[in-house]
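*Asks:* Sequence first, then the predicted structure:
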Amino acid sequence: METIRAASTTDSLTSNARSWTACVAAVAFALLVVAIPAGRVPVWHSNEARYMVLAQDILERGHWVIPDLRGEPYLNKPQLFFWTVAATSVPGGAVTERTAALPAVASAIATVAAIVAIGASAWGWRAGMLAGCALASMIGFFVVGHRPQADVMVTAWTWWALFFLLRARRAGWAVAPLVGFYVCVGAAIISKGPSGFVGLVGALVAVAATDGWRAVARLRPFIGAGVLAVLLMPWYGPYLTGHRPRFVGDVVVGHYGGWVFRRGLMTRVESLWVLAYALPWSIFLAAAVGWWRRAPDAERRLVGVWTLVLWALIGLSGIHRVHYLFPIYPGLALLAGEFVARAGARGGARALRAATWGFAALALAVGAAAFSPLARHIGREGRPYMPDGLAETALLVGLLLVGATAAIVAARRQAFVAAGLAVALATGAVFVVEGMRYPTRFARDFDVRPIATAARGVTPPGGTVAGFPDIALSYDFYLDRTVVELDRPRVEQLLREAPRGALIVPRSSWTELQSAAHPAWRVIASHRVAGREILVVGARSS
């Protein structure tokens, strides 16, 4: 009897070690995907440059509570994300592309860890491991997860909030996990602002849909209000006490109101792009619908409703950008991971095989498109992700086809977990290769550093660099000079006088302005950025 007990204990320890190893491996896999390109892409998007410029103001001037942006207090977003960018930059004394990317990378990995933990606690370690691998191998996760965007941090806090919500539900709505839930919601809010409230709305609707509306009272809203009040004070307190009229009028009413009401109803369907960015796993989600109906599950229902609420709220926003969709991907990964891990033994084998063949068809379609003239017509910011030569194209297509073949063989043998891993590893391998290659191509098309260097060279320290008709915040990060945007009358007035600094202007605009400019204005440098020829004009240094 003692021998049997000892063997049972050994088997249990071995099983636990295997499950922990698999879950840690999923997190490590995600780290590999996002860490390789992190900090290697030049700053182009103003949404990214904004946080970097704010963090640099914190380091240089100590404006931790309300940093300045182009000489004005910045009130549109709370401080947590650019605080973390500043904190990671303290050892070097300056914000860099790499230090700015660290908080986003850490947040992306924390999100994967949350998904693994939710999946493992709800449906077992295989579901958690597969959900983490699915998230790490989604197109949208790769594209955004390594970029300095607050949405990545919001996502991490939001999905850890769901983890604590599920723990509270299993524990009879105990206070401690509920406090953890509200702390995560509050942290999501102070990472970016009102978008952090999606977790709170998701909890209310998901609990009501799963347990009934009376169960909503078990969320202990008075405790939640107290926790949120404490956490939100660093944001609302200084903004309301020091800049109440501007914060309420321009930010709350103007900025956030415009975010919701700025565009028409039909434009909201742009959020359906999440299905493309969730490839290849949206194929498995489509195959899972019938199985979900035949095999209901309370926690899957809660996760599904939570995900749909986040999707609906993000879809209702008036502006859509790829990073806004980031909080939706973890829920889709969870649902896909649970389907692959459990459906084979619960009447869903046929649907799983169909999804595997769907991935194979996708791999073939991608391969055909990559070798066709269609690939050359992909423009703008999608172009850097396209391989340059035949060797790279063949490698990427080969990885997908090998993964598809392995997945089909595993599915035919009823080894659906292995099939899911084959899909994840093949797609992840493509992202690893792209993570090494695409930053160079991105710099070729979207690098403002040559322009910034030239403008800084003809503008003395403390001087001003002007931009017309506008100038992206990425220039602020690289210039280390005061930057102003000029309208047409002001730029014409500037050009009538001898230059005392630099003007950054598109070639097309300079052609219109040059005839009326003072003869001392000359083209100092020229560089093509995002398909436009951008000039630096000023006085040539002697």
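*Replies:* Sure thing, it's come through.
*Asks:* so who does residue 518 touch?
*Replies:* 495-499 (C-beta atoms under 8 Å, 6 or more residues apart in numbering). For the C-beta atoms, the positions are set from N, CA and C on the backbone; glycine is no exception.
*Asks:* could I get those as JSON lines with distance to residue 238?
*Replies:* As requested, the contacts of residue 518 are exported to JSON lines (distance: C-beta to C-beta, whole Å):
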{"residue": "495", "distance to residue 238": "40"}
{"residue": "496", "distance to residue 238": "42"}
{"residue": "497", "distance to residue 238": "40"}
{"residue": "498", "distance to residue 238": "43"}
{"residue": "499", "distance to residue 238": "39"}
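*Asks:* In this structure residue 351 contacts residue 292, no?
*Replies:* No - using C-beta atoms under 8 Å, residue 351 is not in contact with residue 292; the gap is 9.7 Å.
*Asks:* And the strands in this protein, which stretches?
*Replies:* Per DSSP state E, the chain carries strands over the ranges 68-69, 72-73, 464-467, 482-485, 502-506, 522-529, 532-538.
*Asks:* I'd like to know which of the ones you listed is closest to residue 476.
*Replies:* strand 482-485 (4.9 Å; C-beta to C-beta).
*Asks:* Which secondary structure elements does the closest one sit against?
*Replies:* Here strand 482-485 touches strand 464-467, going by 3 or more C-beta pairs under 8 Å, 6 or more residues apart in numbering; DSSP states H and E.
*Asks:* Quickly run through the sheet partners of the strand it packs on, with directions.
*Replies:* Take DSSP bridges as the rule and strand 464-467 pairs in its sheet with strand 482-485 (parallel), strand 502-506 (parallel).
*Asks:* which one of those strands is the most hemmed in?
*Replies:* Mean neighbours per residue, mean count of other C-beta atoms under 10 Å, is largest over the strands paired with strand 464-467 for strand 502-506, with a mean of 25.
*Asks:* In CSV, could you pull the C-alpha coordinates for it?
*Replies:* Presented in CSV, the C-alpha positions along strand 502-506 are these (Å, rounded to 0.1, in the frame of the first residue of the first chain):
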residue,chain,number,x,y,z
ALA,A,502,15.2,75.1,-39.3
LEU,A,503,11.9,74.5,-41.0
ILE,A,504,10.7,71.0,-41.8
VAL,A,505,8.4,70.9,-44.8
PRO,A,506,7.3,68.5,-47.6
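*Asks:* For it, give me every contacting residue.
*Replies:* 451, 454-456, 458-459, 465-468, 471, 475, 491, 494-495, 513, 521, 524, 532-538.
*Asks:* Repeat that for stretch 368-384.
*Replies:* Residues from elsewhere that reach stretch 368-384 (C-beta under 8 Å, 6+ apart): 386-387, 393, 396-397, 438-439, 441-442, 444-446, 530-531.
*Asks:* ok, so of those, who is nearest residue 61?
*Replies:* residue 446 (28.7 Å).
*Asks:* For the closest residue to that closest one other than its chain neighbours, list the residues it contacts.
*Replies:* Counting by C-beta to C-beta, 6 or more residues apart in numbering, residue 446 lies nearest to residue 44, which is 4.1 Å off, once chain neighbours are set aside. With C-beta under 8 Å, 6+ apart as the criterion, the residues that contact residue 44 are 442, 446-448, 472, 474, 530.
*Asks:* ok, back up a step: in PyMOL, how would I select just the buried ones from the contacts of strand 502-506?
*Replies:* Selecting only the buried entries of the contacts of strand 502-506 in PyMOL, with 16 or more other C-beta atoms under 10 Å as the criterion:
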select buried, resi 451+454+455+456+458+459+465+466+467+468+471+475+491+494+495+513+521+524+534+535+536+537+538
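*Asks:* hang on, the earlier thing: quick check: neighbours shared by residue 351 and residue 292?
*Replies:* Each of residue 339 lies in contact with both residue 351 and residue 292 under the rule C-beta under 8 Å, 6+ apart.
*Asks:* quick one on the thing from earlier: who wins for neighbours among the contacts of residue 518?
*Replies:* Highest neighbour count within these: residue 495, with 23 neighbours (other C-beta atoms under 10 Å).
*Asks:* What residues does that residue make contact with?
*Replies:* Shown in contact with residue 495 (C-beta under 8 Å, 6+ apart): 503, 513, 516-518, 521.
*Asks:* Kindly recompute the last result at 7 Å.
*Replies:* The contact partners of residue 495, taken as C-beta atoms under 7 Å, 6 or more residues apart in numbering, are 513, 516-518, 521.
*Asks:* And it, how far from residue 29?
*Replies:* Using C-beta to C-beta, to the nearest Å, one gets 55 Å for the distance from residue 495 to residue 29.
*Asks:* Residue 333 - how many residues pack around it?
*Replies:* Other residues close to residue 333 by other C-beta under 10 Å number 31.
*Asks:* So it sits against residue 130, correct?
*Replies:* No - using C-beta atoms under 7 Å, residue 333 is not in contact with residue 130; the gap is 8.6 Å.
*Asks:* list residues touching both of these two?
*Replies:* Residues touching both residue 333 and residue 130 (C-beta under 7 Å, 6+ apart): none.
*Asks:* circling back to that earlier point, which pair of the contacts of residue 518 spans the longest distance?
*Replies:* Largest separation among those by C-beta to C-beta: 496 and 499, giving 10.8 Å.
*Asks:* re the thing from before, closest to residue 193 out of the contacts of residue 495?
*Replies:* Comparing the contacts of residue 495 against residue 193 with C-beta to C-beta picks out residue 513 as the nearest, at 38.3 Å.
*Asks:* give the contact list for residue 510.
*Replies:* By C-beta under 7 Å, 6+ apart, residue 510 lies in contact with 535, 537.
*Asks:* Okay, residue 99 and residue 146: tell me how far apart.
*Replies:* Residue 99 is 13 Å from residue 146, by C-beta to C-beta.
*Asks:* low-scoring stretches of the protein, by residue?
*Replies:* Where the chain drops to pLDDT under 70, the residues are 1-15, 250, 253-270, 318-320, 379, 541-542.
*Asks:* Could you chop it up by domain?
*Replies:* Domain segmentation of the chain under automatic domain parsing yields 2-347, 449-538.
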